[in-house]
Each structure stands twice: as structure tokens, then as C-alpha cells.
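Asks: Sequence first, predicted coordinates after that:
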Amino acid sequence: MVPSPFFDDSSADIVLRSSNGTDFRVYKSILSKASPVFEGMFTLPLPPPSAVPPEEYSNGLHVVSLTETTEALDALLRFCYPVREPTLSSIEKTLEVFHAARKYDIDEGIMWAREKLATFAAKEPIRVYAIACRYGWEREAKIAAKETLGMSLDTLLCSTSKELGEITAFDLQRLCMYHIACRKAVAHLTSPRFIIESSWRPWEPLWSRETCSCSHTVIKTKTHVESDVLPYYAKSWWCEYMEELRKALDMVPSKASTNLPRALTMAVVKASACPTCASDALETLMGCTESLSGKLDAEINKVELKFVQ
């Protein structure tokens, strides 16, 4: 990797050399303003050229050899200079920058690394959660915990992420408890009784006040507009579809679980045998599913991950 032109200035007054031998020609004054560690380093007296090996000088400038890789050092220096932020594509490289920023006490680099880490949560939530717990980062841990809802608890517990070995059993237990709490929080959303009670009117043909040729379940309850307990006829094909949604959400409490094409097709096929329900079954089932999906986040957002630093 070749250093950015910003770090190859012919008028620079110090050379930083990466662990893999790349030289960065930079200014002491700029680095000292960004990092108290660099400031202290540059106040130390330098030996004359005759007293050090030739490799510790480059074109008349003293060379400071560092333990950071070229990529990590390039990223770190971008938080000292007014240049574009680094673009890194992995958790490993982001952590390299974080460790370097912490070592040299560069706050902007630390904050950038935390924000960057959170962007990996969608694809690697368990790793991000474990890293966040290790360093006491509550915001990042909560973002990652929510992303783990896209997998079953079995999958979560069978994860082979090496970062899990760096957190406590309590950290993992809290994540599992959060997952279980979210499953419980959304369970009522698939209940036909709950849907009927929270509706303003019959959502035909899913349920109605009148019977048709479909088999049905009678649900006697009050609604928003009816103060009396009245019978509502919940079609069996709708109840069966909602039961499949319930099972899916009980495993994986996320919007992805509401996409059940096989269950949807089976419900529509059964509804098509009824002249009253056939024409509107697909549209109303999809509308019901969309409504449910829209309520999932609201219920999950009520659940707090218990985070202990």
C-alpha cells in the first residue's frame, strides 16, 4: 500500500514507519495537536545522525518505527489531518484502527471506530455485540443485540465467533434474555382475538359478523366500536395462517419471519373454495401481514437490553 500524498510531503519534519516498512512523511506539529502521546514523543531529544543506524534516518529525517500496519497507520493519520475518513471493509481492520487510536489517545479515531463497528452489526451481530460488551460500549451493544433477532436462539448459542470467548457468561445471558423478551413482546400480535379486539371494523373476509361456507372459529369479544360482547367469525384459513406466523416469530422475532410464501399460498387455496372469500383473500392476508410487520418494531423497541459495564 502506497501512502496518501498527504503523508508523503517533501517538507515534512518526521517519518513514521509502519510495521511492514512503509514510510509516512508527516508534521510533528499536526500530530502533536491531535495526539498527546505523539506530542510527548516528539518532545524527547533526538540523537544525532552519527549516533543511530542509517535505517533510522530517511532523507535527513528521523524515523520513528511503529507497530501498526500500513493500513492502520494510514487510517489513524486521517484523524490527525483534515482529509477524508478511511474506508475499511472489515471488523478486524476497524479494530486495528481502534487499538491504534486508543494507544495514541486520538479521540476522534476512537469514536469513528465505534461508529464504524456498528455498521457491521447487520451482517455480524454476535461479533459486534461481543466486542461492544468487551469495551463497555452500550449503544453499539444494543444495536447488535437488535440485529441478533434475525436469527433463532439456537443459532445464536451455536455461534463460533471467537469474540464470545472474550466476554462473560452474564453478557451472553443478557443477550439470550433480551431475545426471549422480544419473542414474548410480539407474541400477541398474531392472536386473532387481539387483532379483532384492536380493530375498528370487521376485516372481511378474514373475519366478519356473518358466516359463509368457510369453516370458522367463533370469537366473542368487544371491539373499539362495540361496547357489547358480540360473536365474530374468524375464518379457519386465516387462523391457520396466523398460527404459522406465530410459530415463525417465536423462533425468529423479526420482520423476515412474516415472509411465509408457502403458508400464504395454502391459506389462499383454502379461501378460494368459498365464493364469498375467494376474490379478496390474498389482498387482505397481505394487508394483515403488512400491518403486523409494521407493529413488530414498535413492540421490540419497548424491550430494553440490560447492559452492565
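Replies: Sure thing, it's come through.
Asks: where exactly do the helices run in the stretch 51-200 of the chain?
Replies: 70-77, 91-103, 107-118, 125-135, 138-147, 153-157, 169-186, 192-197 (DSSP state H, counting those that start in this stretch).
Asks: in the stretch 1-150 of the chain, what spans have low per-residue confidence?
Replies: Scanning the stretch 1-150 of the chain for pLDDT under 70 picks out 1-4, 50-51.
Asks: go again using 80 as the cut-off
Replies: By pLDDT under 80, the low-scoring segments of the stretch 1-150 of the chain are 1-6, 46-52, 54-56.
Asks: contacting residues for the spatially most central residue of the chain?
Replies: Centroid-nearest residue in the chain, with C-alpha atoms, centre = their mean: A121, separated by 3.2 Å. Contact analysis of A121 by C-beta atoms under 8 Å, 6 or more residues apart in numbering lists V128, Y129, E140, I143, A144, E147. Every C-beta, even on glycine, is put in place using the N, C-alpha and C of the backbone.
Asks: Please tabulate the helices of the stretch 51-200 of the chain in JSON lines and include distance to A263 and mean neighbour count as additional columns.
Replies: Compiled in JSON lines, those are given as follows (distance: least, C-beta to C-beta, whole Å; neighbours: other C-beta atoms under 10 Å):
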{"stretch": "helix 70-77", "distance to A263": "48", "mean neighbour count": "23"}
{"stretch": "helix 91-103", "distance to A263": "36", "mean neighbour count": "19"}
{"stretch": "helix 107-118", "distance to A263": "34", "mean neighbour count": "19"}
{"stretch": "helix 125-135", "distance to A263": "26", "mean neighbour count": "23"}
{"stretch": "helix 138-147", "distance to A263": "25", "mean neighbour count": "20"}
{"stretch": "helix 153-157", "distance to A263": "21", "mean neighbour count": "14"}
{"stretch": "helix 169-186", "distance to A263": "17", "mean neighbour count": "17"}
{"stretch": "helix 192-197", "distance to A263": "15", "mean neighbour count": "17"}
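Asks: quick one: which of these is nearest K295?
Replies: Closest to K295 of the helices of the stretch 51-200 of the chain, according to C-beta to C-beta: helix 169-186, at 8.0 Å.
Asks: so how far is Y104 from the residue lying closest to M41 once chain neighbours are set aside?
Replies: Among residues not flanking M41 along the chain, V64 sits closest, at 7.1 Å (C-beta to C-beta, 6 or more residues apart in numbering). According to C-beta to C-beta, to the nearest Å, V64 and Y104 sit 12 Å apart.
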